[in-house]
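# Have a look at this prediction, sequence included:
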Amino acid sequence: MFAHTLADGVEFRPLEPWQAAEFARHVVLVSDDIAAYIPWARTVVDEASAREFLEGYALKQARDEGRIYGIWVDGVLKGGALFRTFHAAQGVCEAGVWLASDARGRGLVTAAVRHMIDWAFGTRGMARVEWLCDPRNTASAAVARRLGMTCEGVLRKAFLMDGERRDVQVWAVLAEEWAT
């Protein structure tokens with residue numbers, strides 16, 4: 001069992017298919033907070049779709065291609081972080097996050113991703129950790145900035161969501177830039 005304490009009463013640990021009911025309830029509660037930027041906030045609507053989503057990440061983890069973790073505050077799932085992609089052979093991965101509005105402002109996401117980046121560079125030997133976000137998602141960009149990532153540019157109209165072509169801001173940190 002893996003668990004990492006982020007703050008008093010806050011645990012960061014794997015989010016797995018057996019937790020589908022809890023994850024489904026969580027997504028229903030936070031979907032209004034995150035749906036503008038996170039596509040799965042609209043597709044995870046019940047326990048079955050939550051299980052399918054989490055099973056997808058379990059398969060990614062088994063193939064060493066991604067991972068998903070939850071953030072529990074006082075025993076309640078409030079958000080999470082993931083390696084949306086993880087290309088060990090290339091040494092490049094992408095981190096992503098979500099968090100309920102009532103848990104924001106405590107540095108939980110920054111602490112969680114810092115732990116993930118430490119692991120990616122220190123344990124797995126990755127060369128680069130990326131962070132992609134909609135430029136309008138200023139909170140997401142602020143986390144990347146706090147983590148010491150560099151904004152490398154914007155991929156114009158690179159992402160389709162709700163029939164709208166959106167820009168994608170690319171942030172990254174390299175192993176040699178990372179200070180723990």
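In hand now; what should we look at? All values reported here derive from a predicted model rather than from experimental measurement. Numbers count the residues shown, from 1 in each chain.

# Kindly confirm my reading that Pro135 is in a helix.
No - judged by DSSP: H, G, I helix; E, B strand; the rest coil, Pro135 forms no part of a helix; its state is coil.

# what's the neighbour count on it?
By other CB atoms under 10 Å, the residues close to Pro135 number 13. Placement of C-beta: from N, CA and C, glycine included.

# for this protein, what are the low-confidence residue spans?
1, 180 (pLDDT under 70).

# Without its sequence neighbours, what residue ends up closest to Ala179?
Leaving aside its chain neighbours, Ala179 sits nearest to Gly148 (7.2 Å; criterion: CB to CB, 6 or more residues apart in numbering).

# Tell me who's in contact with that neighbour.
By CB atoms under 8 Å, 6 or more residues apart in numbering, the contact set of Gly148 is 173, 177-179.

# Neighbour count and distance to Glu94 for those - can I get that in a markdown table?
Listed next are these as a markdown table, based on neighbours: other CB atoms under 10 Å; distance: CB to CB, whole Å:
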| residue | neighbour count | distance to Glu94 |
| --- | --- | --- |
| Val173 | 21 | 12 |
| Glu177 | 13 | 17 |
| Trp178 | 18 | 15 |
| Ala179 | 6 | 21 |
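
# Strands of the protein, start to end?
For the chain, the strands defined by DSSP state E occupy 4-7, 10-14, 67-73, 76-87, 92-99, 128-133, 150-161, 164-174.

# Parallel or antiparallel, which strands does the second one pair with?
Sheet partners assigned to strand 10-14 using DSSP bridges are listed as strand 4-7 (antiparallel), strand 67-73 (antiparallel).

# what about the residue located most distally from the centre of the chain, distance to Trp131?
Ranked by distance from the centre of the chain (CA atoms, centre = their mean), the top residue is Gly163, with 23.3 Å. Gly163 sits 25 Å away from Trp131, going by CB to CB, to the nearest Å.

# Same question for Val44.
22 Å.

# Ile117 too?
Distance, Ile117 to Trp131, using CB to CB: 10 Å.

# Quick check: neighbours shared by the two?
95, 147.

# Same list, the contacts of Gly148, but as a markdown table with distance to Glu55 please.
As requested, the contacts of Gly148 are exported to a markdown table (distance: CB to CB, whole Å):
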| residue | distance to Glu55 |
| --- | --- |
| Val173 | 30 |
| Glu177 | 35 |
| Trp178 | 32 |
| Ala179 | 36 |
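
# wait, what's in contact with Ala141?
133, 135, 151, 169, 171.
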